[in-house]
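**Q** predicted model and sequence below, questions to follow.
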Amino acid sequence: MGTALVHDEEMTRYKLLWFDPACAIETPERLTVSHEALVRTGLAARCVPTPVREASDDDILLVHSKEYLDAVKKTPYMTLDDLKEFTLHYGDVYFHPNIYHCAKLAVGAALQLVDAVMTGKVRNGMALVRPPGHHSMRSAASGFCVFNNVAIAAKYAQQKYAVQRVLIVDWDIHHGQGVQYAFEDDPSVLYFSWHRYEHQEFWPNLRDSDYDCVGKDKGAGFTINVPWNKIGMQNSDYLAVFCHVLLPVAYEFCPELVLVCAGFDSAIGDPEGEMCATPDIFAHLTHLLMNLAGGKLCAVLEGGYNLTSLSQSVCLTVQSLLGDPPPRPTELQGPCQSALESIQCVRSAHSKYWSCLQHAAERPPSDVSTKLEASGEARVIKADLVWPQPARHLPPAFCTAALIPEDLLCPLGCFRFPWDPHSQRDVDVSTWSSLTALVRRLEKNEIRNGLALVSDVSMAMAHVFGHTPKQRVVVVCVGDTEVLSGLPEDGKTLTVHFSKEALDKPRCKYYIPVCLKKSLMQATCSLLLPLSYQYDPDLVLLARVPGSHMGQSEWQQLVGLLQGLAGGHMLVLIQEGEKALVGPTASSLSGSPASSLEPLPAPGAEDIEALESLKWQLTTDWKLLQTSAQCKEFTACCGTKAATT
Ligand code: Q9C
Ligand code: ZN
């Protein structure tokens, strides 16, 4: 199942024809450099080339008015003065005799991508388009946008393929007000946007962009706005919003299709966004969305005005779509106070709509408002905007090694790891030495990941740790059996153990038991991922021990999501009794999308409460778990100040 790349040079053939500093950044080169970078890095050649088409009137009328379409149709025949005059009706946009043609191709490109994904021709894809779309409204152009490419694509997918639930993730740094307005009363489309807001001082300066605008009527709760009230947001801020807001809600919503308004003006170096997240982060954001909707993801270019950071970000997005492991995350010190205030406000505004957020309003007492100036540290923006060139990575030639008994068929997409020829007949001994050999190959990056069916997970783990002294390992155990192996307790491992019955071993910074009845996806998104990202392991060890309550699709989601860590290096240990899991695990390890989840049963109130309280207790050690501006130290320090003044 491949990745579509939709592109056509024709969309470079319009430009600003007069002096207008507000529009000068939207140039044809944006598209040229992005495409050239994909070709130069060899990524374009790995994609399925997919032609654009012109959108029909009917396609455009799915979102826009007849009057507006008729008006735009006249622009190819206008004189320069007419075009200038026409442009004045709208904000921050320009027209050109060829822009109507390009705008039809941009919509058509998005629809071609939806067709390729929905018919199963490809798994996912990206459309490189100009003009962008997310600001254009029913009867208005805005912010360089003429027709709303992604909004039209969502309506088209619903109409043509009877898709019930569409998730639109808008990571462009501007608020896609056009998309919001198109679906504000529609519960079948969940629209998520983060955007530079600065308490309404940043363009488009709308009250509608704040966290308390959540949608209307039946669509209440299906618009999620995360306002950034300061510039300079970094990788941690973006990841925290994904882990604590978007992903839990997305898994509860259970989309059948994911559309991304993929603007890269949210990356470092962009003159509009002035944020500090590095291009690497888009590999992770993409990866984190790739197992929703059975993998059906369509990314459509929006903004992005720094040609260097734009082209790097486009490459990293496509690299993830193709299934390459994301690069190791950098600079994750935890979200800043202003980001935490935004997160807290959004979670609280949505707590009555989403079970996963039902306790978000309670802790801490909500005397924090984004209407007030952030009380925490002001982050200093690096004066020189230099960021490392993303590493030119080479994925290992061998992807998934399977260490399984010879009577089991080798699962599709794997190769059978050789049994150690020096071992005796005894199956266990041969497994252990082969396991050691396998771990060594993972460490040397000769193999990306591995899967072993073992007779005793505890002993297998003891072997792994006996032979990987240098590595930092995140260990994830799933099941009701205490793992008694000699886990090193020196910070060389971070263990998270999911069980349904309470286990005996006490919690410490590096051993975190999580006892939940269900809600495992919620725990994965908002606890396991932030912990693991912050720990930044060299290897992830996922162990399925006896007595597990995790269903097959949740297990596959877990395997998929954890591959965003450690450059994709993962070893999965499964206890002999669960042979049936070998196939599905191997499939996820080799990059197939997790089978779609049923809409999740509302997470149990008790579970969510337990999870929130656990997160709260761990925030001192693990900053990426914070979801409110007043962490313990913060309260303590303010308390002291209040007492002394
Ligand atoms: N400096 C897109 O990224 N100008 N459109 C704002 C404030 C409008 C951006 C001026 C920016 C529109 C698709
Ligand atoms: Zn933008």
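**A** Sure thing, it's come through. From a predicted model like this one, the values you see are computed outputs, not experimental measurements. Ligands and ions are numbered 1, 2, ... in the order given.

**Q** how's the chain carved up into domains?
**A** 3-338, 398-597 (automatic domain parsing).

**Q** so for ligand 1, which of those domains sits nearest?
**A** Judged by CB to the nearest ligand atom, the one of those that comes nearest to ligand 1 is domain 3-338, at 2.4 Å. Quick note: C-beta positions are derived from backbone N, CA and C, even for glycine.

**Q** do me a favour and get the end-to-end distance for that closest one?
**A** Domain 3-338 has an end-to-end distance of 37 Å (criterion: CA to CA, to the nearest Å).

**Q** regarding the residue in the chain that ligand 2 sits nearest to, what is its secondary structure?
**A** Among the residues of the chain, residue 303 lies closest to ligand 2, at 2.8 Å counting by CB to the ion. Following DSSP: H, G, I helix; E, B strand; the rest coil, the label given to residue 303 is coil.

**Q** and if you look at residue 225?
**A** strand.

**Q** beta partners of residue 190?
**A** Following DSSP bridges, residue 190 is listed with bridge partners residue 167.

**Q** could you check how many residues crowd around residue 619?
**A** Residue 619: 18 surrounding residues under other CB atoms under 10 Å.

**Q** so what's the backbone phi/psi at it?
**A** The phi/psi pair for residue 619 (degrees, to the nearest 10) reads phi -60, psi -30.

**Q** so for it, what's the pLDDT?
**A** On the pLDDT scale, residue 619 is placed at 92.

**Q** that one reaches residue 613, doesn't it?
**A** No: the criterion here is CB atoms under 8 Å, and residue 619 misses it with residue 613 at 11.0 Å.

**Q** shared neighbours, those two?
**A** Shared contacts of residue 619 and residue 613, defined by CB atoms under 8 Å, 6 or more residues apart in numbering, are absent.

**Q** ok so, going back, the residue of the chain closest to ligand 2 reaches residue 267, doesn't it?
**A** No: judged on CB under 8 Å, residue 303 makes no contact with residue 267 at a distance of 10.1 Å.

**Q** give me the nearest residue to residue 516, chain neighbours excluded.
**A** Nearest non-adjacent residue to residue 516, counting by CB to CB, 6 or more residues apart in numbering: residue 607, 4.7 Å away.

**Q** separation between residue 516 and residue 56?
**A** Going from residue 516 to residue 56 by CB to CB, to the nearest Å gives 49 Å.

**Q** so the residue nearest to residue 516 is in which element?
**A** Using DSSP states H and E, residue 607 sits within helix 605-618.

**Q** one more: residue 195?
**A** According to DSSP H and E, residue 195 maps onto strand 189-196.

**Q** quick one: average confidence on that strand?
**A** Strand 189-196 shows a mean pLDDT of 98.

**Q** for this protein, which helix is longest?
**A** helix 99-118 (DSSP state H).

**Q** how about that helix, does it reach ligand 1?
**A** No: Helix 99-118 is not in contact with ligand 1 by CB under 6 Å from any ligand atom; minimum separation 11.3 Å.

**Q** just checking, what packs against that helix?
**A** On a contact count with 3 or more CB pairs under 8 Å, 6 or more residues apart in numbering; DSSP states H and E, helix 99-118 meets strand 2-6, strand 48-50, helix 57-61, helix 66-73, strand 122-127, helix 149-161, strand 257-262, strand 297-301.

**Q** could you show which parts of the protein are in contact with ligand 2?
**A** 172, 174, 263, 265, 303 (CB under 5 Å from the ion).

**Q** any idea what sits nearest the first one, other than its immediate chain neighbours?
**A** Pointing back at residue 172 there. Counting by CB to CB, 6+ apart, the nearest residue to residue 172 once its immediate chain neighbours are dropped is residue 263, at 2.4 Å.

**Q** show me the contacts for the one you found.
**A** By CB under 8 Å, 6+ apart, residue 263 lies in contact with 132, 134, 170, 171, 172, 173, 174, 301, 302, 303, 304.

**Q** contact partners for residue 618?
**A** Taking CB under 8 Å, 6+ apart, one finds 512, 531, 625 in contact with residue 618.

**Q** can you classify the first one by secondary structure?
**A** In this case it means residue 512. For residue 512, the assignment made with three-state DSSP gives strand.

**Q** pLDDT below threshold where in the stretch 251-400 of the chain?
**A** 363-384, 393, 397 (pLDDT under 70).

**Q** ligand 1 contacts on that one?
**A** Within the stretch 251-400 of the chain, the positions adjacent to ligand 1 are 263, 265, 272, 302, 303 by CB under 6 Å from any ligand atom.

**Q** and the second one, how many residues sit next to it?
**A** Right, residue 265. Residues lying near residue 265 (other CB under 10 Å) number 27.

**Q** which SS class is it?
**A** Per three-state DSSP, residue 265 ends up coil.

**Q** quick one: it and residue 170 touch, right?
**A** No: in this structure, residue 265 is not within contact of residue 170 by CB under 8 Å, at 11.6 Å.

**Q** so what sits against both of those two?
**A** residue 302.

**Q** on that earlier part again, how about the helix holding residue 607: buried residues?
**A** 607, 608, 610, 611, 612, 614, 615, 616, 618 (16 or more other CB atoms under 10 Å).

**Q** burial of the nearest residue to the third one once chain neighbours are set aside, as a residue count?
**A** Think residue 610. Distance criterion CB to CB, 6+ apart; nearest residue to residue 610, sequence neighbours excluded, is residue 516 at 6.5 Å. By the criterion of other CB under 10 Å, residue 516 has 21 neighbours.

**Q** so residue 516 sits against residue 611, correct?
**A** Yes: using CB under 8 Å, residue 516 is in contact with residue 611, at 6.9 Å.
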